[in-house]
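Participant: please work out how this folds:
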Amino acid sequence: QVQLVESGGGLVQAGGSLRLSCAASGRTFSSSAMGWFRQAPGKERQFVARINWSGGSTYYADSVKGRFTISRDNAKNTVYLRMNSLKPEDTAVYYCAADLYGGTDYSEEYEYEDWGQGTQVTVSS
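Facilitator: Numbering: from 1, shown residues only. A predicted model of the protein is given here:
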């Protein structure tokens, strides 16, 4: 099991940047793939990005590709989401999640066993 705590959200103008952090505790973090999801008001939670255990493979939703970067520091038990060129439609609660078993449906919520509480990102126009 991995306990996750997100931070770094806030209010930013369109075109701006934010970096989200997800601090993990638990012995399995360094062997877990990690993902970021987001949920906008009135919408279902959607996949944003994923990184494998070593950081050697990353995946992105088409809507954020080229603007967002996921990374991790296993020595610090932390995964990051750098968000550039933010748009109002990026406004959402952002969640990090841990995939303890290395599933292949990386964009699906059911692949992830542990979730953080979320951090709000608001992009003003």
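Participant: can we go C-alpha only for contacts and neighbour counts from here?
Facilitator: Noted.
Participant: leaving out the residues flanking it, which one is nearest to residue 83?
Facilitator: Spatial nearest neighbour of residue 83, chain neighbours left out: residue 68 (4.5 Å); criterion: CA to CA, 6 or more residues apart in numbering.
Participant: and residue 59, what element?
Facilitator: Using DSSP states H and E, residue 59 sits within strand 58-60.
Participant: ok, what's across the strand from the residue nearest the centre of the chain?
Facilitator: Geometric centre of the chain, nearest residue: residue 36, 2.1 Å, by CA atoms, centre = their mean. In this entry, residue 36 is beta-bridged to residue 49, residue 96, by DSSP bridges.
Participant: tell me the contacts of it?
Facilitator: If a contact means CA atoms under 8 Å, 6 or more residues apart in numbering, then residue 36 has 47-50, 81, 94-97 as its contacts.
Participant: counting neighbours, what do you get for the residue nearest to residue 83?
Facilitator: 20 (other CA atoms under 10 Å).
Participant: quick one: it and residue 36, what's the gap?
Facilitator: 11 Å (CA to CA, to the nearest Å).
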